[in-house]
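Participant: Next one to model:
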Amino acid sequence: MKKFNIRKVLDGLTAASSSSSATAQPGTPRENDVVQETLQSEHFQLCKTVRHGFPYQPSSMAFDPVQKILAIGTQTGALRLFGRAGVECYCQHESNAAVIQLQFLINEGALVSALADDSIHLWNLRQKIPAILHSLKFNRERITYCHLPFQSKWLYIGTERGNIHIVNVESFTLSGYVIMWNKAIELSTKTHPGPVVHISDNPMDEGKLLIGFESGIVVLWDLKCKKADYRYNYDEAIHSVAWHHEGKQFVCSHSDGTLTTWNVRTPAKPAQIITPHGKQPKDGKKPEPCKPILKVEYKTTRAGDPFMVLSGGLSYDTVGRRACLTVMHGKSTAVLEMDYPIVDFLTLCETPYPNDFQEPYAVVVLLEKDLVVIDLGQIGYPIFENPYPLTIHESPVTCCEYFADCPAELIPALYSVGCRQKRQGYSKKEWPISGGNWGQGTQSYPEIIITGHADGSIKFWDASALMLQVLYKLKTAKVFERARGKEEKPNTDIVDEDPFAIQTLSWCPESRMLCVAGVSAHVIVYRFSKQEITTEVVQLLEVRMQCEFSEVDSPDPGGEQTPTLPTPGASSSPQESELPTQPSTGSNSSDGPRDNIPCLQVRSSPLKQSPGNQVELVIQLVWVSGEPPQQITSLAINSSYGLVVFGNSNGLAVVDYLQKTLLFNMGTSELYSPSDPYQRQPRSPRKAKPSGDIPTVTSCMSRLSFLYSESMKKRRSSHFTTCDSNDGSNASEDRCRSPTSAKMSRKISSSSEQKTDLDARDNSFTRSRSSSVASIDRESREAISSFHFCESFPRKTDSLVSPCLLVGTTHGSVMMVALSLPPSGDQRLQQPVGIASCGTLVKLKGGILTMALLDATGTLLPPFFEQWYDPNASDEEKEKSRKRRPASPPSSQESQDTHFAILCSEKQAKVVALPSQTRIYKHSITETSFVLRADVVQMAGANCIACFCANGHIMTLSLPSLRPLLDVNYLPLTDMRIARTFCFSNLGQALYLTSPTEIQRITYSQETCDNLQEMLSELFTPVETPEAPNRGFFKGLFGGGAQSLDREDLFGETAAGKASRSLAQHIPGPGNMEGMKGAASGVVGELARARIALDERGQKLGELEERTAAMMASAESFSKHAHDMMLKYKDKKWYQL
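Facilitator: Presented below is the predicted three-dimensional model:
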């Protein structure tokens, strides 16, 4: 676990420092009264907590059959360990090299990993945060295969040169005993046998080692005599080898799709050759070659036929067929199709001993993007229901929100509707990977994570207590008609793929109202209900948001597109007319530019809506005079007011979802009052001078950065070049990318901020088919970036609070909009809502990211909300729920005469007093970078601003004085996915998508960091190793049982000598101290480290005592049995035995 040293800031810093300034304003005596701030820098500490999701790019797997723990290694050097549901752990190799093989020290609480950089590492799993105890780096040879026999401390390592080295896993030192390839093969062989692809010892004789070379040669090596007993030759390359438990036969899988079975004592030819998926010719000829069988496992049962499990080997004529796992049992062969290519598989058996009947009960199959466990004990081989949260990436994640400390009844409510969505047909048995124990943490508040996906689905996750479990899945695409063929597709589509993808969402946990904005410029409002309903006609509202300027070269603000405040009766009504789709895309000719056409078609048939979120209203932006609608950049919903507001680069719209009417549709420039000093006058872009202070849309705010698919860059129309980029050729295969990602990476990597925005725009529009002047104007258009509903003072002259809306833009303007709501009840559904723009409140550098409101005592004033009630319940239940809901806002707010508006942009934060609208505090967050995500969060009973910068810094500022409390250089922005998904939540929690399949959770709370050890789950639990199989009296007498080997005598330094020092370098690991790395600095950290060390020492002493007691008991038992045997046979002759 990586922790960080914090640059603590002295708490005595006042707001008058170089970066923070307080100014007194006349006439506002209460505004400068010092608000008692309780948050100090000691409350903050940054560290990673847990990682959820499927391991990205998996490469290897291992299983401990006694501890019941599964380990998965990845191509990026990550290590993920899984036990029972809720028990998981993440570790990382420093080199980031791919993990090529994993080997458990079974029931020892340790794991050996072999990496592609030719290093091996020993991990200690007996501590909650596993750490590397030893490392060994090979210098001259490349590692290809490792084998660690059960209950042995000697690890066999095969290399690319065909040699085998032996490592003592206790000391991680090389033995002088080496098996050289030229000694293993026959002297007459003229060619090199290739790399070692398999090593295993004979189950019945530990002194015999089976070595498989890639070329097809297999050697049975006598470790004591240091010579080859038998050599087995086959023409085809070997991929894997598996023993029968009696040690008399083994099976090899080959590159031509064949399986060869060999008797140990008859090396001349295979006892059997089969091609499981080959077509058998009638004339008795050799079957046609098939694809390579990459792995085979041979497992025996006491009561029936053995199981042979293999991957690969399909016929070459099955082009396009999905990857398969084949299970051969007796005369039956089952071919199980998988959704993704197979990386590895393991057969789980009842015994860890290789010389006993294996009794297989399940197969764990590691796929490229999934983990499947197959039940071998039931007919049809059903799969187990996976309890891990491995479906985050089922469709690429496009947005993410995190809600900590939400209402307690929410999780049970979501679970109750989500449990009906579960698939049927799973195995009835318990999940077989069941090791470890849950943490004992005290963190008990409910946490919910919401993920939006490229296919239009939304998933709700229970994230409480450092676990993750899917609660409920909502499919927003059900609202729309799906195109049946390519010819039906659209001229109206503005993206080539994933037209239903989620762009942003707004959720009110108290009222359970959900508002979703999609990439096709659509907004859907959902209510939560526990009743199933059928909606005959989906309520649709089409909104025409026009462009800001019609003539680019004309500075005249007048013209045909000046949307005015509509009267609720006339222009706010939905435009129902559907014009025929024109065949010419983007045409402005007189015979038919597309107009008033939405991008998606809402379904006309009745919509069956299951319990959960149910559609209340669909809002669609339409094409305007041949121009496609701009994507929605910000969104907010307020359940108390019954309003939803959304904005883009054209302006903003306010919709009353109770009356299903459009209330307000205005261009951004019109929000400024005529006398507004911050008003932007339209002007020709040719005369525009680039501003160094005010970033344009290219400054890529986290909520504007919609990225998930490379295909998003393919626009159907030149009008969408505002989000286009010419950097597609350098894009990775990763689907989680954005149309804006290329521009953002340019901004991050630019060494100097002197580079003008004009240059950046020129780079962004090389593929534009429209004029460069029009493109520049479209790019520089001021977009809406943030909303905040509140009850405050919209105007300077107001003395009473009233409902209002704060609007933030990408140019740093914050404007106030006053709302006039009718009385509740029937009047609310009949009378119109009044809306009036009150002009600009304040101007900041950079686009506005977040806004909030504090009262005069510094207490956060959250937006008003309506308590949830079931809209489909009976009238009596609705009436009861209404009585439980507060009828009016708390009276304490009405008596207050001052509020503090908290405003945070990409560059700075400001606190403005209301109603006087005077700046009280100001803080410059960053000069050389910009903030990607900012949230006002509750922490330790107080409030603060949490910021994540593009340069990787995570910062917190106190409220309202904006004192810096935390500044950690945590994570340089290497991937746009992080910028898109990073979000803060209350109580010191945050998360981001660290890979396309994994969520990384972090904490910035000192208290959580201190309690992390207790909260984390335990991987290792003391379990008795099963008894070894009984050899039987006659096998013991005549030598028929398993033969043991004293490997110490063979491989120890006394017998084998020392290995060459230049062969490998031993690197001591940080060991048990790793768990304390990055803990709080100072005396507290030292004491904690000392306590952990004492605990570990006590644990080791306890283990030593347990082992000593076990050995004594074993010796006593052996003595008793020997004495009984002596008495039994004392008076008998030898022929009577």
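Participant: what bits of the stretch 651-800 of the chain have low per-residue confidence?
Facilitator: Under the criterion pLDDT under 70, the flagged ranges of the stretch 651-800 of the chain are 674-780.
Participant: at 50 instead, please
Facilitator: Screening the stretch 651-800 of the chain residue by residue with the criterion pLDDT under 50, one finds the ranges 681-778.
Participant: got it, and the chain?
Facilitator: Counting by pLDDT under 50, the ranges of the chain that qualify are 1-32, 549-591, 681-778, 883-895, 1034, 1037, 1072-1089.
Participant: Could you list everything the spatially most central residue of it pairs with in the sheet?
Facilitator: If you average the C-alpha coordinates of the chain and look for the closest C-alpha using CA atoms, centre = their mean, you land on Glu998, 2.2 Å from that point. Note on Glu998: beta-bridge partners Gly53, Ser995, judged by DSSP bridges.
Participant: Tell me how far it lies from Met61.
Facilitator: Between Glu998 and Met61 the computed distance is 17 Å (CB to CB, to the nearest Å). Heads up, the C-betas are built off the backbone N, CA and C, glycines and all.
Participant: Likewise for Gly456?
Facilitator: 33 Å.
Participant: more crowded one of those two?
Facilitator: It is Gly456, of Gly456 and Met61, that has more neighbours when counted by other CB atoms under 10 Å, with 26 against 22.
Participant: In contact with the more buried one, which residues are there?
Facilitator: Contact analysis of Gly456 by CB atoms under 8 Å, 6 or more residues apart in numbering lists 475-477, 498, 500-502, 518.
Participant: circling back to that earlier point, the residue nearest to the centre of the chain and Gly53 touch, don't they?
Facilitator: Yes: taking contact to mean CB atoms under 8 Å, the distance of 3.8 Å between Glu998 and Gly53 places them in contact.
Participant: any residues in contact with both of those two?
Facilitator: Shared contacts of Glu998 and Gly53 (CB under 8 Å, 6+ apart): Ile392.
Participant: Give me the neighbour count for the residue nearest to Ser820 when sequence neighbours are not counted.
Facilitator: Counting by CB to CB, 6 or more residues apart in numbering, Gly834 is the residue found nearest to Ser820 once chain neighbours are left out, at 3.3 Å. Other residues within reach of Gly834, judged by other CB under 10 Å, total 14.
Participant: need the contact list for Gly834.
Facilitator: With contact taken as CB under 8 Å, 6+ apart, Gly834 is in contact with 818-821.
Participant: and it, how far is that from Leu841?
Facilitator: With distances taken as CB to CB, Gly834 is found 19 Å from Leu841.
Participant: ditto for Cys91
Facilitator: Distance, Cys91 to Leu841, by CB to CB: 49 Å.
Participant: got a list of contacts for stretch 236-246?
Facilitator: In this structure, residues lying in contact with stretch 236-246 by CB under 8 Å, 6+ apart are 194, 197-198, 200, 202-204, 210, 212-216, 218, 249-256, 258, 292-298, 300, 306, 312, 354-358.
Participant: Between the two ends of it, how far is it?
Facilitator: Taking CA to CA, to the nearest Å, stretch 236-246 runs 26 Å from one end to the other.
Participant: Pull out the buried positions in it.
Facilitator: Buried residues in stretch 236-246, counted by 16 or more other CB atoms under 10 Å: 236-245.
Participant: Just confirm Ile72 is within a helix.
Facilitator: No: when classified by DSSP: H, G, I helix; E, B strand; the rest coil, Ile72 is found to be strand rather than part of a helix.
Participant: what's across from it in the sheet?
Facilitator: According to DSSP bridges, the residues that bridge with Ile72 are Met61, Arg80.
Participant: List the contacts of it.
Facilitator: With contacts taken as CB under 8 Å, 6+ apart, Ile72 has the following neighbours: 55, 58, 60-61, 79-82, 102, 366, 371.
Participant: Type out the ChimeraX command that picks the buried ones from those.
Facilitator: Selection command for ChimeraX covering only the buried members of these, criterion 16+ other CB under 10 Å:
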select :55,58,60,61,79,80,81,82,102,366,371
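Participant: so which of the contacts of Ile72 would you say is closest to Ala653?
Facilitator: The shortest approach to Ala653 among the contacts of Ile72 belongs to Pro55, at 43.0 Å (CB to CB).
Participant: Is it correct that the closest one is in contact with Glu998?
Facilitator: Yes: counting by CB under 8 Å, Glu998 is a contact partner of Pro55 at 7.2 Å.
Participant: Need the contact partners of stretch 320-334.
Facilitator: Contacts of stretch 320-334 with the rest of the structure, by CB under 8 Å, 6+ apart, involve 276-277, 304-311, 313-314, 335-342, 345, 363, 365, 367, 374, 376, 381.
Participant: Please repeat the previous calculation with a cut-off of 7 Å.
Facilitator: By CB atoms under 7 Å, 6 or more residues apart in numbering, the residues outside stretch 320-334 that reach it are 276, 305, 307-311, 313-314, 335-342, 345, 363, 365, 381.
Participant: Same check on stretch 139-153?
Facilitator: So stretch 139-153 is contacted by 101, 103, 105-106, 112, 114, 118, 120, 155-161, 163, 168-170, 195-201, 206, 352-354, 1047, 1062-1065 (CB under 7 Å, 6+ apart).
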